[in-house]
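Novice: sequence and predicted structure below; questions after.
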Amino acid sequence: MFVNRETETGRLKRILNQETAQLIVIYGRRRGGKSTLLKQIIDDNTVFFSADQSEAPLQIKSLAERIEKKVPGFSAPVYPGWDSLLRSLNRSLNERITLCIDEFPYLVKNSPELPSLIQNIHDDGAHSNYNIILCGSSQKMMHDMVLNKKAPLYGRAGEIMKVNPMSVNHLMQYLDVIPEEAVREYSVWGGIPRYWEIRRLSSSLEEAIEHNVINPYGLLAEEPERLFSDEIRTSVQAYTMLSLIGSGCNRLSEIAGRMEKPATHLSGVTSFLIELKYIRREIPFGESLRSTKKTLYKIDDPFLNFWFTFVAPDKSRIDLGLTSQAIRDIKRKMPGYVSSAWEELCRQAVPFLFPDENINPGMRWWGRGKDGSPIEIDVVAGSSDKKTLVIGEAKWGEKTDPETEFEILRGKIQNLPFVKTQKIIPVLFLKNQKTGQSNTVTTFGPEAVVNALR
C-alpha cells in the first residue's frame, strides 16, 4: 500500500520529463521509503542498480550486467573504471533512459573519486542520453557530496530531494485505525514506512512490539546500531548520548558528566544528531536559542525514543530471552509515554488548527510565574505579529474533566510572566473529548490533531 508522497512523485516525474538529461539526488534516513518512492517513478526505460559494499571492480561488473538488459552486449567489455563505464553507456544509447543508483554512498566508500568523475561527466555533457538518479541513506555523505559548497556535485543537480518521515495522519490511513490509536501507534513507529510495514504484519501494537522490538531475534531489535552504521563514525558516543537522554538525562552538563567528558567535546556529535533529527533542542517559549541556559535535549525520532526509553535499559534481560518482565514494564509505563508523544503532536498541529491567526508551531514553557512558583505549560504558540498567544494543556487521561482542566489552565495563564496585552486563546487538547468551542475555551481531540497533520 502506497500512501502520501504525491508531491515527491510529481516533482520527480516533472524533472525526468525535461528535454535535457538531468542529475537528480535523493537522500534520507534508512527505512524512510526512498526505494519505494523510486519504484513509483521508474519505468521500462530505467536501469535500477542497488549498490552494495563489495569492491569497485565487482560493482562495475554488476552494473554493466544490469545495463545489458537495456543495451545488448554492454557487459562484454571489461571496464577499467567508473568513468569508462558511464561514458560508454552514453555512446551506446539510441534513446533516453534513466540510470538510478540506490545506496550510492556504498560505491563512494570504495571509489572516493566517483563524485568528481560524475561532475566531469555532467559538465562535459557526457550523459546526454541518460538521466542519473543518485540515492542514499547516509545523509551526511549525500549532503557533503551535493550541498556542501566545496562538494564535487554542488550546483549540478536539477533536483535535490530529502525524503522526510511521514505524518501521523498517513500512519492512520496505512493501518486503518481511529485517530486515538494512530497517536499510540505513532508514538512507537514514528513516520518511517518500513516500520509501518513490519507493524502491519501483527494483529496488535502490543504483539508487534513483543515480536519485533522486545525480542533478541526481532527485526528491529538492533535498529539503532544499523542506523548509526550508515552515518556516524563515533557511533558509540552517539549511542551513549541517546541512551542517557532516553533514561531522563536532558541537560548537556548532565550528559557530559555521565559520559565523563567535557561538554565542549560533545558539540560535534550533538550537532550531527540534531541535523539528522534524531534529537532536538528544547527551550522555553520566548527564550533565545543562542543565549538561553534552559536548553533540554530530547530524542526527536519516535521509534528511537521508544527504543532508548524501554529497550536499551532492559537490553541484558531481553538478550537472555527474559522479555516478559520488560513487556510488563512497557504496559505499565505506556500511558505516560504516549502522553508525551501526544503533547508533541499537539504542538505541531497548532498552526493548522488556527489557520486564520498565522500561529507559529507550538513550544513548551517552564519557569517561574509572577508569584515565583514553578509553572509548566504544554503548548504555547505566538502569532507572527506577536499580538496573539495560543496557550494550552494536553492531557491523555481516560477521565479528564474539561471544566476542571480549564480552571487550572486559566490560573496558570494569569500567572505567566510573558503574558502582557496579547489576545489569549486558551486551548485544551484532550484524549476523550471531541473538538468544540465555547465562550471560554477551545477543545481539540485526537481526530482534529491527527487530521491537521496531513
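Specialist: Nice, thanks for sending it over. Numbers count the residues shown, from 1 in each chain.
Novice: quick one: the strands in the protein, in order.
Specialist: Along the chain, counting by DSSP state E, strands occupy 23-27, 46-50, 97-102, 130-136, 159-162, 279-282, 296-299, 363-368, 374-382, 388-395, 423-430, 436-437, 442-444.
Novice: run me through the strand neighbours of the fourth one, direction for each.
Specialist: According to DSSP bridges, strand 130-136 has the following sheet partners: strand 23-27 (parallel), strand 97-102 (parallel).
Novice: dump those into CSV; add mean pLDDT as well.
Specialist: Formatted as CSV, those follow (pLDDT from 0 to 100):
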stretch, mean pLDDT
strand 23-27, 92
strand 97-102, 94
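Novice: any weak-confidence spans in the stretch 201-350 of the chain?
Specialist: 230-234 (pLDDT under 70).
Novice: show me what contacts residue 127?
Specialist: 21, 23, 86, 89-90, 99, 121 (CB atoms under 8 Å, 6 or more residues apart in numbering). Every C-beta, even on glycine, is put in place using the N, C-alpha and C of the backbone.
Novice: about what we covered before: if you compare the strands of the chain, which one is most tucked away?
Specialist: With neighbours taken as mean count of other CB atoms under 10 Å, those reach their highest mean count in strand 130-136, at a mean of 25.
Novice: off-centre distance for that strand?
Specialist: Strand 130-136 sits 22 Å away from the centroid of its parent chain (CA atoms, centre = their mean, to the nearest Å).
Novice: before we move on, back to that, top of the contacts of residue 127 by number of neighbours, please.
Specialist: Counting neighbours by other CB atoms under 10 Å, residue 89 leads these with 24 neighbours.
Novice: any idea how far that residue is from residue 63?
Specialist: 9 Å (CB to CB, to the nearest Å).
Novice: cool, and residue 271?
Specialist: Applying CB to CB to residue 271 and residue 63 gives a distance of 35 Å.
Novice: and the two? which has more neighbours close in?
Specialist: Neighbour tally, residue 271 and residue 63, criterion other CB under 10 Å: the higher count belongs to residue 63, 23 against 10.
Novice: test my guess that the more buried one contacts residue 85.
Specialist: Yes - between residue 63 and residue 85 there is a contact at 6.7 Å, judged by CB atoms under 8 Å.
Novice: show me what contacts residue 27?
Specialist: With CB under 8 Å, 6+ apart, residue 27 has these contacts: 34, 135-139, 142-143, 146, 161-163.
Novice: Throw the residues you listed into a markdown table and include distance to residue 169 and pLDDT, thanks.
Specialist: Shown next, in a markdown table, are these (distance: CB to CB, whole Å; pLDDT from 0 to 100):
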| residue | distance to residue 169 | pLDDT |
| --- | --- | --- |
| 34 | 21 | 87 |
| 135 | 26 | 91 |
| 136 | 27 | 87 |
| 137 | 25 | 81 |
| 138 | 29 | 76 |
| 139 | 24 | 71 |
| 142 | 27 | 79 |
| 143 | 28 | 76 |
| 146 | 30 | 81 |
| 161 | 21 | 90 |
| 162 | 20 | 89 |
| 163 | 17 | 88 |
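Novice: need the pLDDT of the closest residue to residue 200 other than its chain neighbours.
Specialist: Ranked by CB to CB, 6 or more residues apart in numbering and with sequence neighbours excluded, the top spatial neighbour of residue 200 is residue 175, at 6.3 Å. As summarised for this prediction, residue 175 has a pLDDT of 96.
Novice: I'd say residue 175 and residue 183 touch.
Specialist: No - checked against CB under 8 Å, the pair residue 175 and residue 183 is beyond contact range at 11.8 Å.
Novice: alpha carbons only: can I get stretch 155-168 in PDB?
Specialist: Listed next in PDB are the C-alpha coordinates belonging to stretch 155-168 (Å, rounded to 0.1, in the frame of the first residue of the first chain):
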ATOM      1  CA  GLY A 155      25.200  23.100  -8.100                       C
ATOM      2  CA  ARG A 156      24.900  20.300 -10.700                       C
ATOM      3  CA  ALA A 157      21.700  18.600  -9.600                       C
ATOM      4  CA  GLY A 158      18.400  19.600 -11.200                       C
ATOM      5  CA  GLU A 159      16.600  18.200  -8.200                       C
ATOM      6  CA  ILE A 160      17.700  17.600  -4.700                       C
ATOM      7  CA  MET A 161      15.100  15.800  -2.600                       C
ATOM      8  CA  LYS A 162      15.300  14.900   1.100                       C
ATOM      9  CA  VAL A 163      12.700  12.200   1.800                       C
ATOM     10  CA  ASN A 164      11.400  13.000   5.300                       C
ATOM     11  CA  PRO A 165       9.400  10.800   7.600                       C
ATOM     12  CA  MET A 166       5.600  10.800   7.000                       C
ATOM     13  CA  SER A 167       2.900  12.100   9.300                       C
ATOM     14  CA  VAL A 168       0.600  10.500  11.900                       C
END
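Novice: and it, which residues are buried?
Specialist: 156-157, 159-163, 165-168 (16 or more other CB atoms under 10 Å).
Novice: next: stretch 196-210.
Specialist: Here stretch 196-210 shows 196-199, 205, 208-210 as buried, counting by 16+ other CB under 10 Å.
Novice: mark which of these are part of helices, please.
Specialist: Secondary structure from DSSP state H places 196-199, 205, 208-210 of the buried residues of stretch 196-210 in helices.
Novice: distance to residue 381 for those - can I get that in CSV?
Specialist: Output for those, formatted as CSV (distance: CB to CB, whole Å):
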residue, distance to residue 381
196, 29
197, 34
198, 34
199, 31
205, 30
208, 34
209, 33
210, 38
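Novice: quick check, nearest of the residues you listed to residue 113?
Specialist: residue 197 (36.6 Å; CB to CB).
Novice: could you measure that closest one against residue 307, distance?
Specialist: Noted for residue 197: a distance of 18 Å to residue 307, by CB to CB.
Novice: find the nearest non-adjacent residue to residue 340, please.
Specialist: residue 187 (7.9 Å).
Novice: residues touching residue 412, list them.
Specialist: 369, 375, 377, 391, 393 are the contacts of residue 412 under CB under 8 Å, 6+ apart.
Novice: and the pLDDT at it?
Specialist: At residue 412, pLDDT is 97.
Novice: same check on residue 19?
Specialist: 89.
Novice: surely residue 182 meets residue 449?
Specialist: No - judged on CB under 8 Å, residue 182 makes no contact with residue 449 at a distance of 9.6 Å.
Novice: just the contacts of residue 412 now: which is nearest residue 104?
Specialist: residue 377 (45.2 Å).
Novice: distance of the closest one relative to residue 13?
Specialist: Separation of residue 377 from residue 13 (CB to CB): 45 Å.
Novice: before we move on, what about residue 174?
Specialist: 23 Å.
Novice: of the two, give the one with the bigger neighbour count.
Specialist: Legend: neighbour count by other CB under 10 Å for residue 174 and residue 13, higher for residue 174 (21 against 12).
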